[in-house]
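Trainee: coords please:
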Amino acid sequence: MARLERIRVYPVKSLDGIDLDAVRILEGGTLERDREFVLRDAGGDAITAKRTAAVHAFDADFDPQTAELAVGGPDGDRRRFDLEAVGDRERAAAWFGDALETDLTIERDRATGYVDRPEMGPSVISTATLETVADWFDDLTVAGVRRRLRANLEVSGVPAFWEDRFVGEGAPSFTVGDVTLEGVTPCGRCVVPARDPETGEALPEFRERFVEKRRETFPSFADESAFDHHYTLMLIARVREADRGSTLRVGDPVEVVDE
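Mentor: Residues are numbered from 1 along each chain as shown. So this is what the prediction gives:
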């Protein structure tokens, strides 16, 4: 049976994610605690792994109940910061800034978070997709692919690339428990999946092999015209407005709704 296998949010944008047993959907349609905080440089640009590979050198854990961030830097220095407290956010920004050799601030958005597409919602992928992609590369594990792709919701009990069917003309929606989600767009990938999530080291020819295998295995049940290119994987979904404020839970049944 198809079920919600995993919920993962990323409290500080581009840092490590945390697994949750349940998560509330915000009124803006994104998940509570997902990309709630962001590091910004003096010019106002977000510090992300897309543009700053040094971000991979940090390891982080976050307590969703207290908003305490436990983080280790590239030199092995470990700190704890209470991100609920403005003063601690300022100290955390200074600590990150020292490690990255630039002036930083930490901003917070509790309405939608600093997701790349705040007008949309959570990202979705199947466990079988992760397993298939891991098989494309000799040195990758399923856990490693999961960390590289950084999806919010993982669905088990469905075939590889199941999430591809929810975009394109006449695409169905799906439910997770009592919550209805609609596919909005496939997720075009950036440089991050090619990098080791711990070291930032790029896997040689990752994109080329990914595109080749994605083209070879593209599912017949998906509308290929809805995809701009084959360096695309994962679904960006939208939560129906009537269901915002609801809670998703690991183990919730997942069903396709043919409307």
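Trainee: for this protein, which strand is longest?
Mentor: Longest strand of the chain, by residue count under DSSP state E: strand 179-188.
Trainee: hmm, who's touching that one?
Mentor: 25, 117, 120-124, 163-167, 171, 173-175, 226-229, 231-240, 242-243, 246, 248, 252, 257 (CB atoms under 8 Å, 6 or more residues apart in numbering). The C-beta positions use only the backbone N, C-alpha and C, and glycine is treated the same way.
Trainee: is Asp95 in a helix, a strand, or coil?
Mentor: To be clear, residue 95 is Trp; Asp isn't right here. helix (DSSP: H, G, I helix; E, B strand; the rest coil).
Trainee: low-scoring pLDDT stretches of this structure, where are they?
Mentor: Residue ranges of the chain with pLDDT under 70: 259.
Trainee: where do the helices sit along the stretch 151-259 of the chain?
Mentor: Counting by DSSP state H, counting those that start in this stretch, one finds helices in the stretch 151-259 of the chain at the ranges 206-217.
Trainee: thinking again about what came up before, pull up the pairing partners for the longest strand of the chain, direction included.
Mentor: Here strand 179-188 is paired, per DSSP bridges, with strand 173-176 (antiparallel), strand 232-239 (antiparallel).
Trainee: right, and those strands - which one's nearest Trp136?
Mentor: Closest approach to Trp136 among the strands paired with strand 179-188 is made by strand 232-239 (11.0 Å; CB to CB).
Trainee: looking at the strands paired with strand 179-188, which is closest to Thr52?
Mentor: With CB to CB as the criterion, Thr52 lies closest to strand 232-239 of the strands paired with strand 179-188, at 22.0 Å.
Trainee: that older thread, can you add distance to Val86 and mean neighbour count and give the strands paired with strand 179-188 back as CSV?
Mentor: Converted to CSV, the strands paired with strand 179-188 look like this (distance: least, CB to CB, whole Å; neighbours: other CB atoms under 10 Å):
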stretch, distance to Val86, mean neighbour count
strand 173-176, 35, 21
strand 232-239, 30, 23
